[in-house]
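**Q** Below are the sequence and a predicted model for it; my questions follow.
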Amino acid sequence: MNAAPMPTPAVAWPDQPTHRAWLDDHCRALLAFGERCAAPGGGAFWLDARGRPEPDRGIHTWITARTVHVYSLGALLGVPGSAPIADAAMTGLTGPLRDAEHGGWFPSVGPGGRPADGKACYDHAFVVLAASTALAAGRPGASALLAEALDVYDRRFWDARAGLPVDLWDTAFEQLDGYRGINAAMHSTEALLAAADVLAEVGDDAETAATCRRRALGILERVAGWARENDWRVPEHFDDSWQPQLEHNADRPDDPFKPYGATIGHGLEWARLLLHGEAAATAAGEAAPPGALDAARSLFERAVADGWEVDGHPGFVYTTDWSGTPVVRDRMHWVAAEATATAAALHQRTGEPAYAERYAAWWDHIRLLLIDEEHGSWHHQLDPANVPTDTVWPGKADLYHAVGATLVPRLPLAPALSVAVRQAAWR
């Protein structure tokens, strides 16, 4: 006899006050896990699996910026201890990670104080996001940091002709690499939307806000077009004329930032960003990316079909080839986090119960397999059998994706998280 189907809850999880209370509790537990991250000289350390800092890894701009963002959100939430951590991390962005000679931010500074070579758009996008959230939270120095970050981004990374960001420079900003990447463009979109809302709400700079929003919307339109032409699998890597390089990194398929093939989590993130962009444009009285909702649906469905439980085990595979065959079958925590956030966003936008049902199923997966009940936070990587491993992501570097997953379902699609929390715009 077949088992009777599980009844659908009377109230979808994203709309349940009790579930939202659980998300709030979990958010605070995550912030508690990371409270040892602050580096004595400024910045934020990479954390190990138990939340202990790993000074031998040095301090990284992307981790430091994400920490400013997360703990500024904690300060806005009224979580005691969050503001000092945000401020300590931001000192890294105004101190050792900042290149006082050439401008911008080093990728990292080693334990001996030597900065790594090069300048990356990915890092600089997170500095924009960090400064935006810190400004919304009223953190000292945030306004100046945001102005500097936007200036560097505008002069060094924004390609006005392409309407997209370039990716990699040498340290002195003299030699531009020919590589162009979708990961940097994606986090640029998030950061620009956040900066636009914060500048409009707090910074009293409507002109810069409009420029940031317009750039983000343009990126979204271009990426949706590329995905549409590629059966809704987002091309990740491009040359300097923005021609897709679909075989890039075929010899390094599990690269943590630039993997080969289609990245399941990025398809989900782009789907959600399209909804945020549509909402931001509507709120500002501007034109949204054409067909934003349809594109978000298609990106979501493709990522789920290609990535979820495709090898007989719960979880999302990391990457597939261009036919949808899994390449890296390990499960990265950030992909599941983005899956829940995107399902919640689509449920909010459409009211359709199917999105809420997937949302609930994926939080079950997270709760049972990804959340580390013994040591805290989430396992950052599971193998195909859902056993914790660390071949790509050792330890628990930071809290950005997991904290975001606890906030997106409880807030409107616009404005940005920091402004929505500041306004107490809880759904």
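**A** Now that the structure is in, tell me what you want to look at.
**Q** Which positions in the longest helix along the chain come out as buried?
**A** Of all segments of type helix in the chain, defined using DSSP state H, the longest is helix 206-229. Neighbour-count burial for helix 206-229, counted by 16 or more other C-beta atoms under 10 Å, picks out 208-209, 211-224, 226-227. Glycine gets a C-beta too; all of them are placed from N, C-alpha and C.
**Q** need the contact list for residue 245.
**A** Taking C-beta atoms under 8 Å, 6 or more residues apart in numbering, we find residue 245 in contact with 235, 237, 238, 239.
**Q** Tell me, how many residues neighbour the residue nearest to it when sequence neighbours are not counted?
**A** Excluding its sequence neighbours, the residue lying closest to residue 245 (C-beta to C-beta, 6 or more residues apart in numbering) is residue 237, at 4.5 Å. With neighbours defined by other C-beta atoms under 10 Å, the count for residue 237 comes to 20.
**Q** repeat for residue 26
**A** By other C-beta under 10 Å, the burial measure for residue 26, its neighbour count, is 19.
**Q** same check, this time on residue 83
**A** Around residue 83 sit 20 other residues, with neighbours defined as other C-beta under 10 Å.
**Q** Downstream of the helix or strand containing it, the next helix or strand is which one?
**A** Element membership for residue 83, per DSSP states H and E: helix 82-94. Remark: after helix 82-94, the chain's next helix or strand is strand 108-109, criterion DSSP H and E.
**Q** and that next one, what does it pack onto?
**A** Where contact means 3 or more C-beta pairs under 8 Å, 6 or more residues apart in numbering; DSSP states H and E, strand 108-109 is packed against strand 59-60.
**Q** Mind giving me the packing neighbours of the strand it packs on?
**A** With contacts taken as 3+ C-beta pairs under 8 Å, 6+ apart, strand 59-60 sits against strand 108-109.
**Q** what's the strand it packs on in contact with?
**A** Where contact means C-beta under 8 Å, 6+ apart, the residues beyond strand 108-109 that reach it are 43, 58, 59, 60, 61, 96, 97, 115, 116.
**Q** same question for that strand, mean pLDDT?
**A** For strand 108-109, the per-residue pLDDT values average out at 98.
**Q** how far is that strand from where the chain is centred?
**A** Average the C-alpha atoms of strand 108-109, do the same for its chain, and the two points are 21 Å apart (C-alpha atoms, centre = their mean, to the nearest Å).
**Q** Check what pLDDT residue 291 gets.
**A** With respect to pLDDT, residue 291 has a value of 97.
**Q** quick one: the closest residue to it other than its chain neighbours from residue 13, how far?
**A** Closest residue to residue 291 in three dimensions, ignoring its sequence neighbours and counting by C-beta to C-beta, 6+ apart: residue 224, at 7.2 Å. Plainly put, residue 224 is 28 Å away from residue 13 if you go by C-beta to C-beta, to the nearest Å.
**Q** picking up where we left off before, counting by contacts, list what the helix holding residue 83 packs against.
**A** Counting contacts by 3+ C-beta pairs under 8 Å, 6+ apart, the secondary-structure elements packed against helix 82-94 are helix 61-76, helix 121-136, helix 142-152.
**Q** Let's have the ones you listed in TSV, adding distance to residue 250 and mean neighbour count.
**A** As requested, those are arranged in TSV below (distance: least, C-beta to C-beta, whole Å; neighbours: other C-beta atoms under 10 Å):
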stretch	distance to residue 250	mean neighbour count
helix 61-76	25	29
helix 121-136	21	29
helix 142-152	33	20
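**Q** show me where the protein has helices.
**A** Going by DSSP H, the chain shows helices at 17-33, 61-76, 82-94, 121-136, 142-152, 182-198, 206-229, 264-284, 292-307, 333-350, 353-365, 400-407, 417-422.
**Q** need the ones you listed in TSV with distance to residue 318, can you?
**A** As requested, these are exported to TSV (distance: least, C-beta to C-beta, whole Å):
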stretch	distance to residue 318
helix 17-33	22
helix 61-76	19
helix 82-94	28
helix 121-136	18
helix 142-152	30
helix 182-198	13
helix 206-229	18
helix 264-284	7
helix 292-307	8
helix 333-350	7
helix 353-365	15
helix 400-407	14
helix 417-422	25
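**Q** And those: which comes nearest residue 105?
**A** Each of the helices of the chain was checked against residue 105 via C-beta to C-beta, and the shortest separation belongs to helix 61-76, namely 4.8 Å.
**Q** Quick one: distance of that closest one to the chain centre.
**A** Averaged C-alpha coordinates place helix 61-76 at 12 Å from its chain's average position (C-alpha atoms, centre = their mean).
**Q** How about stretch 19-31?
**A** 19 Å.
**Q** tell me the mean pLDDT for it?
**A** pLDDT averaged over stretch 19-31 equals 98, rounded to a whole number.
**Q** Now that stretch: buried residues?
**A** For stretch 19-31, the neighbour count (16+ other C-beta under 10 Å) marks 19, 20, 23, 26, 27, 28, 30, 31 as buried.
**Q** just stretch 39-58 next, same as before
**A** Using 16+ other C-beta under 10 Å as the burial criterion, the residues of stretch 39-58 that qualify are 39, 42-49, 51, 53, 57-58.
**Q** returning to what we had before: what's the angle from the longest helix of the chain to helix 121-136?
**A** Helix 206-229 and helix 121-136 are oriented at 140 degrees to each other (axes from the mean of the first three to the mean of the last three C-alpha atoms, to 10 degrees).
**Q** Contacts for helix 206-229, please.
**A** Identification of contacts with helix 206-229 by C-beta under 8 Å, 6+ apart yields 150, 158, 163-165, 182, 185-186, 188-189, 192-193, 195-197, 199-200, 203, 233-235, 244, 267, 270, 273-274, 277, 280-281, 284, 286-292, 295, 298-299.
**Q** Tell me how many other residues crowd residue 333.
**A** Using other C-beta under 10 Å, residue 333 has 25 neighbouring residues.
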